[in-house]
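>>> let me see the structure of the following:
(one chain, ligands or ions: 1)
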Amino acid sequence: MELPRIVENSPWARLARLKLKAGSVAMVLGSSIHLSGATREQFLSDPYWVAHEMEHIRQFQQYGRLGFLWRYLLDWAKHGYYNIPFEVQAREAGERDAVLYAAGRPLPGPEQRHPTPKGS
Ligand SMILES: [Zn+2]
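Sure, this is the predicted structure:
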């Protein structure tokens with residue numbers, strides 16, 4: 001499975017982490033996955049999390065960088081983070097596609113999975 005570029009200790013992901021009051025955050029910018037509070041290894045060990053972010057990469061491709069970001073921020077203001085349609089879709093994709101990113105390993109249990117930020 002071809003993975004996108006992964007950026008650790010990203011200042012953009014750090015901003016999102018502070019805003020979401022989350023321990024660790026991954027965020028997609030264009031075709032890269034930016035991490036804060038998690039290492040590349042921690043991120044890649046949770047196929048649910050990888051599948052979630054891969055869906056955001058697909059959304060970026062569908063809507064374009066500006067189209068995605070504009071819509072995302074507008075929907076955040078309108079619906080709150082958890083109910084942003086892009087997030088709802090990515091959570092569904094995470095559940096559906098995790099097995100594609102598990103590389104034959106067993107899927108992690110609920111207590112091993114990265115918690116989805118509830119946000120505000
Ligand atoms: Zn997301």
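>>> any residue of stretch 76-95 touching the ion?
Yes: residues of stretch 76-95 are located near the ion by Cβ under 5 Å from the ion, namely 87, 90. The way it works is simple: take the backbone N, C-alpha and C, and place the C-beta from them, glycine included.
>>> pull the contacting residues for residue 16.
Residue 16 is in contact with 22, 25, 27, 36, counting by Cβ atoms under 8 Å, 6 or more residues apart in numbering.
>>> state the pair within the residues you listed that is farthest apart.
Within the contacts of residue 16, 22 and 27 form the most distant pair, 10.6 Å apart (Cβ to Cβ).
>>> so which residues on the chain come close to the ion?
Counting by Cβ under 5 Å from the ion, the residues of the chain near the ion are 87, 90.
>>> where in the chain is pLDDT low?
1, 120 (pLDDT under 70).
>>> tell me how many other residues crowd the residue in it that the ion sits nearest to.
Residue of the chain nearest the ion, by Cβ to the ion: residue 90 (4.3 Å). Residues near residue 90, counting by other Cβ atoms under 10 Å, number 21.
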